[in-house]
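>>> could you work out the structure for the sequence below:
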Amino acid sequence: MRNAVEIFGQQLSRRELAERTGDLSAVAGIRSVVLDDGVERGVRALQLRTAAGLELEVLVDRAFDFGSARLRGVPFGWRSGNGFRHPGLHEHSDEGGLSWLRALDGLLVTGGLDHTLFGGEVDAQQYGYPPKQSVTHGLHGRLTAIPARLLEAREIVDPGTGDSVLRVVGEVVQATSFGEHLKLTRTVELDFTGREVRWNDTVENLGFERTPHMFLYHLNIGWPFVDEGTRLVAPIAKTLWSSDSVAEQRVSYRTLPAPQQGFVEQVFEHELVAGADGRHRVALVAADDSRGVEVSWSAEGMPHFFEWQNLRSGQYAVGLEPSTHHVDGDAAARENGSMIWLEHGERREYSTTVRVLDGEAETRASADAIRAVHGQPE
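Now for the predicted structure:
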C-alpha cells in the first residue's frame, strides 16, 4: 500500500490510514471465534474481513474449509440449513455412506484426502494388515469431519511496498493405524483491500506405504449470486457426462431457472480448455451482469470439472467442482490407471482463486476473457 489505494471512498496510503485509526482492524483484519450454539457448538472459526467489504469465515474445526462468505453484506457462499456441524457429531459410515450430506454447508467443502465421489469398497492390501483387506468409503471421503491445527493467523506487510495480506494457515492430518497417513496444509490469503480469496493446498504422504490420493473442491455459490437467469460461463470443449436427471428434467447447464419444488440434482462433467497461463477459469454471472463469481485453478493439479445444480426450493445452489479425477470415481481410477499414488514424502500442490465480480464492467470482462479461451456448447 505504498501507493494510495481506495478505502471507503478515499485514496489513502498505509501511513495515512494509520493516522486515522489506532487499530487497523477497524478497517480489515482477522478475528478468532468459537461458535457456541446448536450443532455448531465448539467449532473454532476465523473471520477474515477486508477493506473492500469481503468477509470470509474459515472453519478451523471443519478441515479449514470455508463457511459464510459475503461482499459488503451480500452473501455469495451457500448456506444449506445444516449449519457448520461439529465434527464430533459426524458418523462417516451412517446412511449408507451418505452422511457427508449432513456436513455440506458453506462456500467450500473439500473432498479427500484418499477418496472422493461416491462411496464403495476398495482394496487395502497395500497397507500390509491382514485383517484389513479392504476399506469402505462414504461420499467424498473423511476429510470434512477432521479438525485442523491452526499454524498462523496474521497480517503480512511487505516492507518494500507496504502491500498487506491477511493470511491464515492450517494443517489437517488424516491418519489411521495400518492405513493412510496424509497431511493437508492450507494457506489462505486475502488482500487487505481485496475482493478475492486465494488458497494453496499441499497434500503429503507422511506414511511409508503407497497411498491413494483423490481431491475435490465443492465450491458452493448461493442466492443472490445464483438466481433465475444466472449463467455459467466456461471454456467447455465438450460435456463428458451428465446425470440421468438431466435427460428427465432438461434444465440447461448454461442458464438457471428459479427454484423448483422437488428438483432432482443435476450433475455435469465438462471438459475445460485451459488458458495460456495453465489455469482453468469459470464464472457464474447474473442475468443483468450486475454481479458474479469467478473461480480459477491450476489445470495440472485438477484437470477435471463438475457442475452441480441443486435448484430445489430451500436448497438453491450451484456447485463448481474442480477435481483430480473423473466422475467414475475410486474403483474406476484404480482400474484404468488414473489413480494418484503417493509414496512416502511425495506431495501434490493445488492453487485456487475465487474472485467476486462487482458491476457490469468486471463481470463482462471476466466473461469475455473466458470466452476468448474457448466457446461453450449450446
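>>> what are the buried residues along the longest helix along the chain?
If you go by DSSP state H, the chain has its longest helix at helix 360-373. Buried residues in helix 360-373, counted by 16 or more other Cβ atoms under 10 Å: 362-363, 366-367, 370, 373. All C-beta atoms are positioned from the backbone trio N, CA, C, and that covers glycine.
>>> which helices and strands sit right next to that helix?
Under the contact definition 3 or more Cβ pairs under 8 Å, 6 or more residues apart in numbering; DSSP states H and E, helix 360-373 sits against strand 231-233, strand 279-285, strand 291-298, strand 347-358.
>>> who wins for proximity to residue 23 among those?
Judged by Cβ to Cβ, the one of these that comes nearest to residue 23 is strand 347-358, at 25.7 Å.
>>> what's the average pLDDT for stretch 45-53?
Stretch 45-53 shows a mean pLDDT of 97.
>>> which residue comes closest to residue 298 once chain neighbours are left out?
Spatial nearest neighbour of residue 298, chain neighbours left out: residue 351 (4.7 Å); criterion: Cβ to Cβ, 6 or more residues apart in numbering.
>>> quick revisit: closest to residue 281 out of the buried residues of helix 360-373?
residue 370 (5.5 Å).
>>> what's near enough to touch the closest one?
Residues counted as contacts of residue 370 (Cβ atoms under 8 Å, 6 or more residues apart in numbering) are 233-235, 281-283.
>>> may I see these arranged in TSV, with distance to residue 168, neighbour count and pLDDT as well?
Below are these laid out as TSV (distance: Cβ to Cβ, whole Å; neighbours: other Cβ atoms under 10 Å; pLDDT from 0 to 100):
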residue	distance to residue 168	neighbour count	pLDDT
233	30	21	98
234	29	25	98
235	31	21	98
281	25	23	98
282	25	24	98
283	25	21	98
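>>> and which of those is nearest residue 163?
So of the contacts of residue 370, ranked by how close each gets to residue 163 (Cβ to Cβ), first place is residue 281, at 24.0 Å.
>>> run through the bridge partners of the closest one.
When assigned by DSSP bridges, residue 281 has beta-bridge partners residue 296.
>>> can you name the residues that contact it?
234-235, 275, 294-296, 369-370, 373 are the contacts of residue 281 under Cβ under 8 Å, 6+ apart.
>>> thinking again about what came up before, so the residue nearest to residue 298 makes contact with residue 297?
Yes - with contact defined as Cβ atoms under 8 Å, residue 351 reaches residue 297; the gap is 6.5 Å.
>>> residue 253 touches residue 308, doesn't it?
No - the criterion here is Cβ under 8 Å, and residue 253 misses it with residue 308 at 10.6 Å.
>>> quick revisit: the helices and strands packed on helix 360-373: which one's closest to residue 162?
Across the helices and strands packed on helix 360-373, closest to residue 162 is strand 347-358 (Cβ to Cβ), at 22.6 Å.
>>> which of residue 351 and residue 297 has more residues huddled nearby?
More crowded of residue 351 and residue 297, by other Cβ atoms under 10 Å: residue 297, with 24 against 17.
>>> show me the beta-bridge partners of the residue nearest to the more buried one when sequence neighbours are not counted.
The shortest distance from residue 297 to any non-neighbouring residue, by Cβ to Cβ, 6+ apart, is to residue 352 (4.2 Å). Applying DSSP bridges to residue 352 yields these beta-bridge partners: residue 199, residue 297.
>>> what's the answer for residue 10, then?
Those that pair with residue 10 in a beta bridge, by DSSP bridges, are residue 7.
>>> now stretch 298-308: mean pLDDT?
If you average the pLDDT over stretch 298-308, you get 98.
>>> residue 124: how many residues sit nearby?
18.
>>> check residue 250 too.
Applying other Cβ under 10 Å, we find 8 residues neighbouring residue 250.
>>> so how far is residue 238 from it?
Remark: distance between residue 250 and residue 238 (Cβ to Cβ, to the nearest Å) = 19 Å.
>>> likewise for residue 352?
23 Å.
>>> neighbour-wise, which of the two wins?
residue 352 (21 against 10).
>>> next up, phi/psi of residue 259, please.
For residue 259, the backbone dihedrals are phi -50, psi 140 (criterion: degrees, to the nearest 10).
>>> the one 10 residues further on now?
In this entry, residue 269 is assigned phi and psi values of phi -110, psi 120 (degrees, to the nearest 10).
>>> can you check residue 70 too?
Torsion angles, degrees, to the nearest 10, at residue 70: phi -140, psi 160.
>>> okay, and the beta partners of it?
residue 55, residue 75.
>>> I'd guessed it sits against residue 55; true?
Yes - using Cβ under 8 Å, residue 70 is in contact with residue 55, at 4.5 Å.
>>> how about low-confidence regions in this structure?
1-3 (pLDDT under 70).
>>> make it 50
Within the chain, the segments meeting pLDDT under 50 span 1.
>>> the helices in it, which residues?
14-20, 94-97, 244-249, 330-336, 360-373.
>>> any chance of these in CSV, with distance to residue 263 too?
What follows is those, written out as CSV (distance: least, Cβ to Cβ, whole Å):
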stretch, distance to residue 263
helix 14-20, 47
helix 94-97, 21
helix 244-249, 7
helix 330-336, 28
helix 360-373, 26
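>>> of all these, which one is nearest residue 264?
helix 244-249 (4.2 Å).
>>> counting contacts, what elements does that closest one pack onto?
Helix 244-249 packs on strand 266-272, going by 3+ Cβ pairs under 8 Å, 6+ apart.
>>> neighbouring strands - and their directions - for the strand it packs on?
Counting by DSSP bridges, strand 266-272 is paired with strand 236-242 (antiparallel), strand 304-310 (antiparallel).
>>> compare these and give me the one nearest residue 220.
Once these are compared by Cβ to Cβ, strand 304-310 is nearest, at 8.1 Å.
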